[in-house]
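Colleague: Give me the fold of what follows.
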Amino acid sequence: MITPIEIKVNLAGDVADALTRLRCSRNPAVERRIWFAESRSDGSGAASALLSSRIVIRLRSGERDDLTVKLRPCRRSQLAGRWTTPFTDDALEYRIEGDWCGERRVLSASAVGERRPGSLRDAAMVGADVTAALDSGQRQFLVSCTPPGVAVDHLSAMGPIASTKWTNVRLGDLEVDVERWCTAELELLELSHRVTARHPESRTEMESRAVATQLGFESVVRRHGFSIANGETKTEQVLAALVARSRRQ
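Modeller: So this is what the prediction gives:
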């Protein structure tokens with residue numbers, strides 16, 4: 001299987017104005033609350049222990065709840081056993097994909113499990129240990145594919161982040177997904193477009209097409225008068241803000 005690639009563009013500037021200009025109100029919106037799990041013993045005050053170890057544990061709650069354990073960036077060499085190829089079973093959807101944003105082009109691997117609506121909101125309550133919300137497959141993924149010595153226990157939920165996502169928004173010749181994240185400290189807006197292999201493309205041909213698509217994507221964003229934000233990912237920005245907030249409380 002040829003790995004799909006998700007191309008992302010983070011916008012700088014006024015988020016409300018950008019949403020108006022993108023005409024997102026024409027498309028259905030999905031609203032959810034998001035939390036990220038972090039070690040209760042994290043004492044850096046700036047960086048997050050799990051994120052520093054390239055591990056992201058995300059809880060999303062809304063009409064549908066899901067919990068994601070993601071390694072990003074990861075190397076194919078660290079994906080062992082059944083985690084070398086994507087699969088879906090009754091409890092888990094496992095994905096491997098490229099994650100491109102500007103010059104940052106990395107591989108990510110994600111084990112996603114659906115949960116009963118509202119259950120992860122309850123798990124994210126202050127004082128609850130998020131570790132208990134991981135299912136057996138996600139625990140196995142962490143044990144099999146993360147370096148020894150990373151403590152994935154006694155986790156607290158950091159958030160919530162208010163997420164609103166619009167899908168299939170027309171931007172030039174592309175259809176993109178638009179996602180806004182809001183906290184008390186930050187308001188972020190990300191555009192994304194997914195590139196998948198076309199039969200009978202080779203991996204090299206598909207990646208060449210993704211490079212051209214990324215250049216065209218960024219070009220049309222600028223032609224529409226938007227500024228592209230460089231630097232940290234939205235996950236890194238949000239977690240830094242949430243960690244700083246927890247230190248002030």
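Colleague: For the longest strand along the chain, list every residue counted as buried.
Modeller: Secondary structure of the chain per DSSP state E: the longest strand is strand 155-171. For strand 155-171, the buried set under the neighbour-count rule, 16 or more other CB atoms under 10 Å, comprises 155-161, 163-166, 169, 171. Heads up, the C-betas are built off the backbone N, CA and C, glycines and all.
Colleague: Show me the helices in the chain, by range?
Modeller: For the chain, helices defined by DSSP state H occupy the ranges 15-22, 49-52, 119-123, 136-145, 203-223, 234-248.
Colleague: export those helices to TSV and tack on distance to R82 and mean neighbour count?
Modeller: What follows is those, written out as TSV (distance: least, CB to CB, whole Å; neighbours: other CB atoms under 10 Å):
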stretch	distance to R82	mean neighbour count
helix 15-22	40	15
helix 49-52	23	18
helix 119-123	25	18
helix 136-145	8	17
helix 203-223	21	15
helix 234-248	26	17
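Colleague: Which one, of those helices, ends up nearest to R72?
Modeller: helix 234-248 (8.5 Å; CB to CB).
Colleague: So for that closest one, mean pLDDT?
Modeller: Helix 234-248 carries an average pLDDT of 85.
Colleague: Name the residue most distant from the centre of this structure?
Modeller: Distance from the C-alpha centroid of the chain, by CA atoms, centre = their mean, peaks at P200 (29.3 Å).
Colleague: any idea how far R170 is from that residue?
Modeller: Distance, P200 to R170, by CB to CB, to the nearest Å: 29 Å.
Colleague: Could you list the low-pLDDT ranges of this structure?
Modeller: Residue ranges of the chain with pLDDT under 70: 40-47, 126, 249.
Colleague: Provide the contact partners of stretch 100-108 at residue level.
Modeller: 3, 5-10, 70-76, 96-99, 210, 214, 228, 230, 233 (CB atoms under 8 Å, 6 or more residues apart in numbering).
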